[in-house]
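Engineer: Sequence plus predicted model, see below.
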Amino acid sequence: MTTDYKKVLITGVAGFVGSNLAKALLDNGVEVIGIDDFSHGFKRNIESLLANKKFQFIEADVRNENTFKGLNADVIVHLASQKIPRYSSALLVLDDNSLMTKNIVKKCINDKIKMVFASTSDIYGKNPKLPYSETSDMLLGPTTVKRWAYAISKIYSEQYLIANHEEFGLNYTIMRFFGSYGTNQNPTWWGGPQSVFIEKTYNDDFIELHGDGSQTRTFTYIDDTVQGVMKCIFHENSSNDIFNIAGDPDSEITIKDLAHLIWGLMRPGTEPKIKCIPYSTFGNYEDVQRRLPDINKIKSKLGYEPKWKLAEGLKQAIEWQTKLYK
Ligand SMILES: NC(=O)c1ccc[n+]([C@@H]2O[C@H](COP(=O)([O-])OP(=O)(O)OC[C@H]3O[C@@H](n4cnc5c(N)ncnc54)[C@H](O)[C@@H]3O)[C@@H](O)[C@H]2O)c1
């Protein structure tokens with residue numbers, strides 16, 4: 001049921017998902033070429049991998065097509081991305097994400113190799129019809145709200161991959177991640193709410209909830225995310241298809257309850273310090289009220305099975321992140 005790819009090129013290898021994926025591939029004897037420009041990645045995430053003879057790290061910019069000259073792999077997993085416009089810029093998100101996708105698509109078509117692309121659950125936007133399956137509609141807000149630039153950049157890339165499959169036979173797999181967390185997560189908002197809540201709780205500071213905290217998310221522990229990515233790389237049924245990669249839908253949780261859970265794990269028996277920040281303070285902003293995945297497709301087609309309960313995964317993330325502060 002699996003293909004025997006021996007060498008995988010990862011863009012964004014010093015980031016959260018990339019570094020965990022590289023480790024899993026190397027642990028399985030697969031050669032890895034990893035590229036990162038450290039714009040949002042960290043040397044510490046890949047330090048332990050550098051001694052491995054099967055790992056080649058290249059510090060370079062994925063926006064530059066020359067980066068890929070002379071590199072040979074069986075698959076490219078394209079993770080490098082600009083993420084949240086609020087913390088960078090909508091223009092950067094739109095420009096960088098489309099340019100990087102175009103470079104990788106071109107390389108994969110030229111070399112006749114597979115492209116595995118990281119998309120996001122954010123593309124489902126505000127669709128009130130839950131849960132989100134791979135064929136669900138995308139319901140985004142107006143273009144004047146810049147948060148949607150991220151989803152739009154990923155939708156553009158998805159369509160670009162599919163169009164290149166139709167016209168030039170590109171072999172692709174699209175992965176739609178739902179909030180992943182764990183070891184090597186970015187310890188700021190770039191890494192998601194759990195990162196910031198851990199930092200605030202560690203410092204005995206106020207956890208700030210956007211709005212009233214009633215919005216929900218379904219989080220995915222990084223080992224489950226990596227399990228999904230491995231299926232999307234190696235499983236022979238993964239080609240030319242789209243898969244949600246998420247934790248157990250039963251673990252959907254409000255952001256307020258997430259704050260309480262993290263506080264309770266780190267400061268048991270004490271009253272959580274929680275402050276609500278009205279959405280109006282973020283300017284022209286829209287949030288997604290509920291985000292619930294349907295993971296039946298990846299379960300039935302690729303044999304994916306999320307294993308981690310939220311509280312157990314959070315314990316691992318807390319242990320890892322608080323070591324950074326000591
Ligand atoms: N982490 C999640 O929960 C999540 C959810 C949905 C989608 N995604 C997608 O998954 C992918 C990986 O996410 P992540 O959380 O690991 O992000 P991350 O920011 O931790 O990692 C991305 C890496 O790409 C690198 N990078 C960015 N631009 C680059 C460039 N021009 N050249 C070279 N390297 C560059 C950054 O330095 C960083 O190390 C992204 O495409 C993201 O949009 C992640």
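Structural biologist: It's in.
Engineer: contacting residues for residue 164?
Structural biologist: 105, 109, 170, 172 (C-beta atoms under 8 Å, 6 or more residues apart in numbering). Quick note: C-beta positions are derived from backbone N, CA and C, even for glycine.
Engineer: Which ones among the residues you listed lie within strands?
Structural biologist: residue 172 (DSSP state E).
Engineer: Any residues of the stretch 101-250 of the chain in contact with the ligand? List them.
Structural biologist: With C-beta under 6 Å from any ligand atom as the criterion, the stretch 101-250 of the chain meets the ligand at residues 118, 120, 177, 179-180, 186, 192.
Engineer: For residue 310, which non-adjacent residue is closest in space?
Structural biologist: Spatial nearest neighbour of residue 310, chain neighbours left out: residue 251 (4.8 Å); criterion: C-beta to C-beta, 6 or more residues apart in numbering.
Engineer: Correct me if wrong: residue 93 contacts residue 149.
Structural biologist: Yes - shown here, residue 93 and residue 149 form a contact pair, counting by C-beta atoms under 8 Å, at 4.7 Å.
Engineer: Go through the contacts of residue 164 and flag which are in helices.
Structural biologist: 105, 109 (DSSP state H).
Engineer: Looking at the contacts of residue 164, which two lie furthest apart in space?
Structural biologist: 109 and 172 (10.3 Å; C-beta to C-beta).
Engineer: Show me which of the two is the more surrounded one.
Structural biologist: Neighbour comparison, residue 109 and residue 172: the larger count goes to residue 172, with 23 against 17 (by other C-beta atoms under 10 Å).
Engineer: pLDDT at the more buried one, what is it?
Structural biologist: At residue 172, the model reports a pLDDT of 98.
Engineer: May I have the beta-bridge partners of it?
Structural biologist: residue 115 (DSSP bridges).
Engineer: Name the residues of stretch 201-218 that come out as buried.
Structural biologist: Within stretch 201-218, the residues scored as buried using 16 or more other C-beta atoms under 10 Å are 201-202, 207-211, 213, 215-218.
Engineer: Hmm, I typed the wrong one, I wanted stretch 258-270.
Structural biologist: Buried, per 16+ other C-beta under 10 Å, within stretch 258-270: 258-263, 266.
Engineer: Can you name the residues in contact with that stretch?
Structural biologist: 193-194, 197-198, 201-202, 204, 207, 209, 213, 217, 219, 253, 272-274, 310-311, 314-315, 318, 322.
Engineer: Among these, name the ones in strands.
Structural biologist: Per DSSP E, the subset of the contacts of stretch 258-270 in strands is 207, 209, 217, 253, 274.
Engineer: Out of those residues, the closest to residue 131 would be?
Structural biologist: Nearest to residue 131 among the ones in strands among the contacts of stretch 258-270, with distances taken as C-beta to C-beta, is residue 217, at 12.7 Å.
Engineer: How about the contacts made by that closest one?
Structural biologist: So residue 217 contacts 178-179, 193, 252-253, 255, 258, 291 (C-beta under 8 Å, 6+ apart).
Engineer: same thing but at 6 Å, please
Structural biologist: Residues in contact with residue 217 (C-beta atoms under 6 Å, 6 or more residues apart in numbering) are 179, 291.
Engineer: what does the one 4 residues further on give?
Structural biologist: The neighbourhood of residue 221, defined by C-beta under 6 Å, 6+ apart, consists of 182, 308, 313.
Engineer: residue boundaries of the strands in this structure?
Structural biologist: Using DSSP E, strands in the chain cover 7-11, 31-36, 55-59, 75-78, 114-120, 172-177, 180-181, 207-210, 216-217, 220-221, 241-245, 253-254, 274-277.
Engineer: how long is stretch 266-283 from one end to the other?
Structural biologist: 32 Å (C-alpha to C-alpha, to the nearest Å).
Engineer: any idea how far it is from the chain center?
Structural biologist: 25 Å (C-alpha atoms, centre = their mean, to the nearest Å).
Engineer: residues of that stretch that come out buried?
Structural biologist: Quick answer for stretch 266-283 (16+ other C-beta under 10 Å): 266, 272, 274.
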